[in-house]
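Novice: Predicted structure and sequence below. I'll ask about it afterward.
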Amino acid sequence: MATGFGGEVAAYYARHRRGYPPGVLDALAAAFRLGADDTVVDLGCGTGQLSLPLADRVGTVVGVDPEPDMLAIAGRTALDGGSATPRGCSAATVTCPRCPGCSAGEESVR
């Protein structure tokens, strides 16, 4: 198995990493007064365990992660679950075409 969070590791992470209970999402939304007009940036979003449930509570979620395989899983999970497609970029590549002004990475979550 490879080291880092790409490839098989990303798949295992997505399969076995527990999500956040609704109470955590409620507490975050309340603490930051999050609503439908807000944008949330999830740094180190991984496969989307926090980003995807938050997408149902806010206007936009931008997931940023240095591992393109993690972002790809987050994007597929969002589409499979019927969530609005989150935007994301990866610091592992060069430019991010979907995020205005972003220079972090080219790989976008689709």
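Specialist: Now that the structure is in, tell me what you want to look at.
Novice: Going by C-alpha atoms from here, please, whenever you check contacts or count neighbours.
Specialist: Fine.
Novice: Need phi/psi at L54.
Specialist: Main-chain torsions, L54, degrees, to the nearest 10: phi -70, psi -30.
Novice: Which residues are in contact with it?
Specialist: 25, 61 (C-alpha atoms under 8 Å, 6 or more residues apart in numbering).
Novice: could you pull out the helices for this protein?
Specialist: 8-16, 22-31, 51-55, 68-80 (DSSP state H).
Novice: And V58, how far from L50?
Specialist: Counting by C-alpha to C-alpha, to the nearest Å, the gap from V58 to L50 is 12 Å.
Novice: do the same with D42
Specialist: 8 Å.
Novice: same question, L71
Specialist: Distance from L71 to L50, by C-alpha to C-alpha: 13 Å.
Novice: Likewise for F32?
Specialist: On the measure of C-alpha to C-alpha, F32 and L50 end up 15 Å apart.
Novice: Comparing the two, which residue is more hemmed in?
Specialist: Per other C-alpha atoms under 10 Å, whichever of F32 and L50 has more neighbours is L50, with 18 against 9.
Novice: right, and the more buried one touches Y20 too?
Specialist: Yes - using C-alpha atoms under 8 Å, L50 is in contact with Y20, at 6.7 Å.
Novice: Residues in contact with stretch 17-31: which ones?
Specialist: Contacts of stretch 17-31 (C-alpha under 8 Å, 6+ apart): 34-35, 49-50, 53-54, 57.
Novice: and it, how far from the chain's centre?
Specialist: 15 Å (C-alpha atoms, centre = their mean, to the nearest Å).
Novice: Next: stretch 42-51.
Specialist: 4 Å.
Novice: what comes into contact with that stretch?
Specialist: 10, 13-14, 18-20, 61-67, 70-74, 86.
Novice: hmm, which of these are the buried ones?
Specialist: 10, 14, 61-67, 70-74, 86 (16 or more other C-alpha atoms under 10 Å).
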